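A.B. asks: Give me coordinates for this.
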Amino acid sequence: MSANTLDAKDLFQAAYENRYTWDENFPGYTADVTFRENDRTFTGQVRVNQDMSTEVFNIEDQEAAAQVKSQLWETAIHRVRRSFEQVHGQNTFTYGNTDESGAVEILMGGKSEGDRYKLRDNEVCHVHRHIHGVVVTIDTFSSHETGEGYLSHRYDSIYHDPKTGELKGGKTDFEDNYEQVGDYYILTSRVITGEGNGETVTKEFGFSNVKLLQPAMAEV
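C.D. replies: Numbers count the residues shown, from 1 in each chain. Here you go, the predicted structure:
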């Protein structure tokens, strides 16, 4: 293994470990939710459990409830703390190009052959990954610094067919905001803007009255 490969791995590992995640004591939380999709508004309650499972209450519209649940799950799964070795232990890392913004490209080999990332200021600012039969490309434009790692603030995503390169749907823009509740940063708003049937579709998820759950008492 070359020194260049070791350097690329070290750089990528530092950025990976700089992501904000919840620790093993995360108790879960409840919140009120308001979901707006263009001219429709739904309100209810949500719960994220200690095991990262999610629940939605008092939203009778099945599709709306499923969308809220999906966003909660998507957020929670990215807060799971997994070691670098667990996730990337079977990968290799080499340098690609450095773009005009100074972002350094990392090319993956091994288990994640074909994936690539860009790093800037010890953060991952570009992801190009093969996931579940599609290629997802995510560019991050700004982030929140928590003091315990960063959280993406503004970013977009786009999907392609991995074999043909054909675009699968339009680009989707995201803006996330977080607040600290107790020892944990919790998502309080997410605005998603994309295209649907040739029109711009805006979805707003607002989470308020966030309360951490009481941790389970250990048996004596």
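A.B. asks: Now do the same contact list for the residue minimising distance to the centre of the chain.
C.D. replies: With distances taken as Cα atoms, centre = their mean, residue 78 lies nearest the centre of the chain, 5.0 Å away. Contact analysis of residue 78 by Cβ atoms under 8 Å, 6 or more residues apart in numbering lists 19, 21. The C-beta positions use only the backbone N, C-alpha and C, and glycine is treated the same way.
A.B. asks: Now for residue 24: which residues touch it?
C.D. replies: residue 81.
A.B. asks: Okay, it and residue 175: tell me how far apart.
C.D. replies: Per Cβ to Cβ, to the nearest Å, residue 24 is found 30 Å from residue 175.
A.B. asks: what about residue 201, which SS state?
C.D. replies: strand (DSSP: H, G, I helix; E, B strand; the rest coil).
A.B. asks: Name the nearest residue to it, sequence neighbours excluded.
C.D. replies: residue 194 (5.5 Å; Cβ to Cβ, 6 or more residues apart in numbering).
A.B. asks: which other residues reach stretch 122-137?
C.D. replies: 14-16, 18-19, 103, 105, 112, 114-119, 138-141, 143, 150, 157-162, 168.
A.B. asks: Repeat the analysis, applying 7 Å as the threshold.
C.D. replies: 14-15, 18, 103, 114-119, 138-140, 143, 150, 157-162, 168 (Cβ atoms under 7 Å, 6 or more residues apart in numbering).
A.B. asks: could you say what helices and strands the helix or strand of the chain with the lowest mean pLDDT packs with?
C.D. replies: Lowest mean confidence among the helices and strands of the chain (mean pLDDT, DSSP states H and E): helix 3-17, at a mean of 83. Helices and strands touching helix 3-17, by 3 or more Cβ pairs under 7 Å, 6 or more residues apart in numbering; DSSP states H and E, are helix 84-88, strand 91-98, strand 104-110, strand 116-120.
A.B. asks: pull the CA atoms of whatever helix or strand comes next after that helix into PDB?
C.D. replies: Downstream of helix 3-17, the first helix or strand assigned by DSSP states H and E is strand 29-37. This file holds the C-alpha atoms of strand 29-37, laid out as PDB (Å, rounded to 0.1, in the frame of the first residue of the first chain):
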ATOM      1  CA  TYR A  29     -37.500  12.100  21.400                       C
ATOM      2  CA  THR A  30     -41.000  13.300  20.700                       C
ATOM      3  CA  ALA A  31     -42.100  16.400  18.800                       C
ATOM      4  CA  ASP A  32     -45.100  18.000  17.200                       C
ATOM      5  CA  VAL A  33     -44.900  18.100  13.400                       C
ATOM      6  CA  THR A  34     -46.400  20.400  10.700                       C
ATOM      7  CA  PHE A  35     -46.100  19.100   7.100                       C
ATOM      8  CA  ARG A  36     -46.900  21.400   4.200                       C
ATOM      9  CA  GLU A  37     -46.900  20.200   0.600                       C
END
